[in-house]
Structure formats: C-alpha cells, structure tokens
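Asks: Generate a structure from the sequence data that follows.
(one chain, ligands or ions: 1)
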Amino acid sequence: MGWTTKRRKPYTEAGIQRLRCIRCGGQAVHQWQICSDFNNWRPICLPCDVALNVLVLEWFGHPWADILIESYKKEAAAKFPMPGEQG
Ligand SMILES: [Zn+2]
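Replies: Numbers count the residues shown, from 1 in each chain. Down below sits the predicted model:
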C-alpha cells in the first residue's frame with residue numbers, strides 16, 4: 001500500500017479501516033481522490049483529513065471556513081472518538 005497502488009474504486013468503510021494513512025501512516029478512516037493523481041483513492045487518517053479540509057477551505061477563501069471546520073471537527077470526534085476523549 002503506497003503511492004504506486006492503483007485504486008480506482010473507492011474502498012468500503014470496512015476496507016478503509018484495514019489501511020494506514022498514505023501521508024503519515026496513522027489509522028485510516030477516510031479516503032481522498034486527486035484528479036492529477038489519476039483519481040486513485042488514497043486512505044487517510046482523521047487528523048490528515050481535517051488538515052486537508054482546512055487547507056482546501058482556506059485555499060478557496062471560503063467565507064465560512066472557520067465555522068465549517070469547527071463543525072467538521074465536532075462531527076469527526078463524535079464519529080471517531082480518540083482514546084481518552086469523551087464523545
Ligand atoms: Zn495521516
């Protein structure tokens with residue numbers, strides 16, 4: 001599993017949880033697809049997914065970026081609680 005892996009079909013929810021994050025090696029929970037990367041699906045962990053969302057919203061200059069990210073973080077924490085965190 002790495003950048004040479006070709007994956008044109010999205011992983012299933014169970015499948016993604018058996019993989020490591022393509023960026024940092026953490027537990028994957030989501031997947032991203034980049035057009036210039038031949039639209040291959042790439043497994044990604046929660047912190048990297050949140051960081052990517054921040055990056056993209058800020059790059060777009062989204063007027064509600066801060067509000068959207070805070071909401072997304074709360075949703076993510078509820079869905080994927082980290083050890084020691086209260087839902
Ligand atoms: Zn990661």
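Asks: Please make it C-alpha for all contacts and neighbour counts, starting now.
Replies: OK.
Asks: Give me every residue in this protein lying close to the ion.
Replies: Contact residues, the chain versus the ion (Cα under 5 Å from the ion): 21, 24, 45, 48.
Asks: Help me confirm that the last one is found in a helix?
Replies: The reference is to residue 48. Yes - according to DSSP: H, G, I helix; E, B strand; the rest coil, the state of residue 48 is that of a helix.
Asks: what's the burial count for it?
Replies: The criterion is other Cα atoms under 10 Å. On that basis, residue 48 has 18 neighbouring residues.
Asks: before we move on, the earlier item: narrow the residues of the chain next to the ion to those that are buried.
Replies: Buried members of those, scored by 16 or more other Cα atoms under 10 Å, are 21, 45, 48.
Asks: In three-state terms, label the residue nearest to residue 32 when sequence neighbours are not counted for me.
Replies: The shortest distance from residue 32 to any residue that is not its chain neighbour, by Cα to Cα, 6 or more residues apart in numbering, is 5.2 Å, and that residue is residue 42. Taking three-state DSSP as the rule, one finds residue 42 in the strand state.
Asks: Could you find the closest non-adjacent residue to the spatially most central residue of the chain?
Replies: When Cα atoms, centre = their mean is applied to the chain, the residue found nearest the centroid is residue 49 (2.8 Å). The shortest distance from residue 49 to any residue that is not its chain neighbour, by Cα to Cα, 6+ apart, is 7.1 Å, and that residue is residue 30.
Asks: quick one: that neighbour and residue 47 touch, right?
Replies: No - with contact defined as Cα atoms under 8 Å, residue 30 does not reach residue 47; the gap is 10.3 Å.
Asks: Please compare those two by neighbour count and tell me which comes out ahead.
Replies: Per other Cα under 10 Å, whichever of residue 30 and residue 47 has more neighbours is residue 30, with 20 against 17.
Asks: A helix includes that one, no?
Replies: No - read with three-state DSSP, residue 30 is strand and lies in no helix.
Asks: And the pLDDT at it?
Replies: With respect to pLDDT, residue 30 scores 95.
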